[in-house]
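K.L.:
next input, structure requested:
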Amino acid sequence: MFNENSACSFCVMPNDSSLQEILGRCVYCSKAQRALEKNSTISPFSQEWQNYIDVEFPKLNNDFDAIIGLSGGIDSSYAAHLLKLSGVRLLGFHVDCGWNTTEAINNIGNLSRELNIPIVTKIINWEVFRELQVAYLRSGVINQDVPQDHLFPILTRKFAREMGINKIVSGWNLATESILPVEWAYSPRDARQIFDIGRLNNLSRNELLDLGVRSQFSEFLRYNSLNKIHTSRPLNQIDFHRDKSEEELSKLYGWQSYGNKHEESRWTKFHQGILLPEKWKIDKRIAHFSSLIVSKQMTREVAIQRLRVPIFDAAERASEMIFVAHKLRLDVATLEEFIASEKRYHSEFAGYHQMRKFKKVIGL
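P.N.:
Sure thing, here's the model as predicted:
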């Protein structure tokens with residue numbers, strides 16, 4: 001799965017000669033480095049930082065300046081820490097889709113309490129959501145994170161509209177998320193495909209609409225155009241360092257690590273740790289570590305050492321399989337069959353494929 005001899009000499013992405021650039025680096029890390037170089041950073045709590053805060057989060061005539069989606073992960077947690085200490089009045093929002101780790105739940109509670117951030121939790125309809133996840137497993141497509149990744153931002157924007165707040169804070173950042181091959185994922189915003197795949201498990205359009213599924217056009221019209229709701233990514237303003245941030249949050253708030261990137265969700269832990277490596281021969285740690293290499297938070301040598309260690313040993317894999325199967329009300333044998341089943345591509349199902357091609361042509 002990972003061959004250090006065929007990896008990029010700078011990061012650890014597969015070194016496809018067709019993606020090689022003149023400097024001996026792959027296109028992925030070269031593009032990421034250019035993006036980071038364009039993104040000038042400022043020191044937190046400096047005057048320049050305060051000027052950014054004043055412009056980005058103006059005081060409005062209500063109780064809050066922005067909504068922050070809290071997952072219990074490092075990125076959103078550190079963004080909450082920075083903004084709250086900078087005087088931004090935050091309202092926390094969390095979407096509970098049934099897969100939170102204990103560490104994530106504790107992190108959200110500790111941050112909310114210690115930083116005095118009120119938190120509102122939206123618990124989605126588990127029965128419909130579970131059926132949708134099983135439908136995605138049945139489909140055999142690569143991006144099994146689509147159901148949750150589709151709903152999280154939509155439900156957050158819906159909550160912002162209800163609260164009359166037009167600013168949403170995201171923890172997404174270039175420093176740790178600048179590299180991900182498009183072939184390893186698929187857009188979670190394609191509602192047409194969600195409806196089509198949902199039918200594999202007899203889910204109706206109305207059930208999915210009630211769950212919160214929305215087309216990209218209706219989402220833009222309702223939240224961006226009519227309500228002028230925008231997303232802010234403050235971690236891109238600073239020299240964000242993942243390990244240093246974890247250490248700081250741990251000391252201040254008792255923040256707890258949950259493992260690899262995005263593993264605050266037990267579903268994502270299963271998806272990235274079992275399904276992708278075994279069904280698609282993809283180890284997403286390669287992309288995550290490559291992002292850290294480009295942002296100078298990890299050396300290539302350390303990344304290679306970590307990639308030599310399996311994501312799960314046999315006992316850990318068995319435990320995860322039992323947990324996921326039980327949660328989905330499947331037996332382990334059925335879950336194993338889904339993993340071993342034929343790979344299917346997103347293009348084989350209905351979707352906004354022509355629109356995606358058009359956006360690619362015009363550079364969107």
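
K.L.:
and stretch 154-165, what's buried?
P.N.:
For stretch 154-165, a neighbour-count test (16 or more other Cβ atoms under 10 Å) marks 154-160, 165 as buried. In short, each C-beta sits where N, CA and C put it, glycine included.

K.L.:
let me fix that: stretch 28-43
P.N.:
Buried residues in stretch 28-43 (16+ other Cβ under 10 Å): 28-30, 32-33, 36, 41.

K.L.:
picking that back up, show me which of the buried residues of stretch 154-165 is closest to His346.
P.N.:
Ranked by distance to His346 (Cβ to Cβ), the buried residues of stretch 154-165 are led by Ile154 at 19.3 Å.

K.L.:
in a helix, that's where that closest one is, yeah?
P.N.:
Yes: the assignment for Ile154 is a helix, going by DSSP: H, G, I helix; E, B strand; the rest coil.

K.L.:
from Ala191, how far off is it?
P.N.:
9 Å (Cβ to Cβ, to the nearest Å).

K.L.:
now do the shared contacts for these two.
P.N.:
Residues touching both Ile154 and Ala191 by Cβ atoms under 8 Å, 6 or more residues apart in numbering: 213-214.

K.L.:
so what's the gap between stretch 326-337 and the chain middle?
P.N.:
Relative to its parent chain, stretch 326-337 has a centroid offset of 25 Å by Cα atoms, centre = their mean, to the nearest Å.

K.L.:
no, scratch that, I was asking about stretch 127-135
P.N.:
Using Cα atoms, centre = their mean, the mean C-alpha position of stretch 127-135 is found 19 Å from that of the whole chain.

K.L.:
for it, give me every contacting residue.
P.N.:
With Cβ under 8 Å, 6+ apart, stretch 127-135 has contacts from 97-98, 144, 147, 151, 194, 197-203, 207-208, 210-211, 267, 327-330.

K.L.:
okay, buried residues for that stretch please.
P.N.:
In stretch 127-135, counting by 16+ other Cβ under 10 Å, buried: 128-135.

K.L.:
ok, back up a step: restricted to helices, list the contacts of stretch 127-135.
P.N.:
147, 151, 194, 197-198, 207-208, 210-211, 267, 327 (DSSP state H).

K.L.:
same list (the buried residues of stretch 127-135) but as a markdown table, adding pLDDT.
P.N.:
Below are the buried residues of stretch 127-135 laid out as a markdown table (pLDDT from 0 to 100):
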| residue | pLDDT |
| --- | --- |
| Val128 | 98 |
| Phe129 | 98 |
| Arg130 | 98 |
| Glu131 | 98 |
| Leu132 | 98 |
| Gln133 | 98 |
| Val134 | 98 |
| Ala135 | 98 |
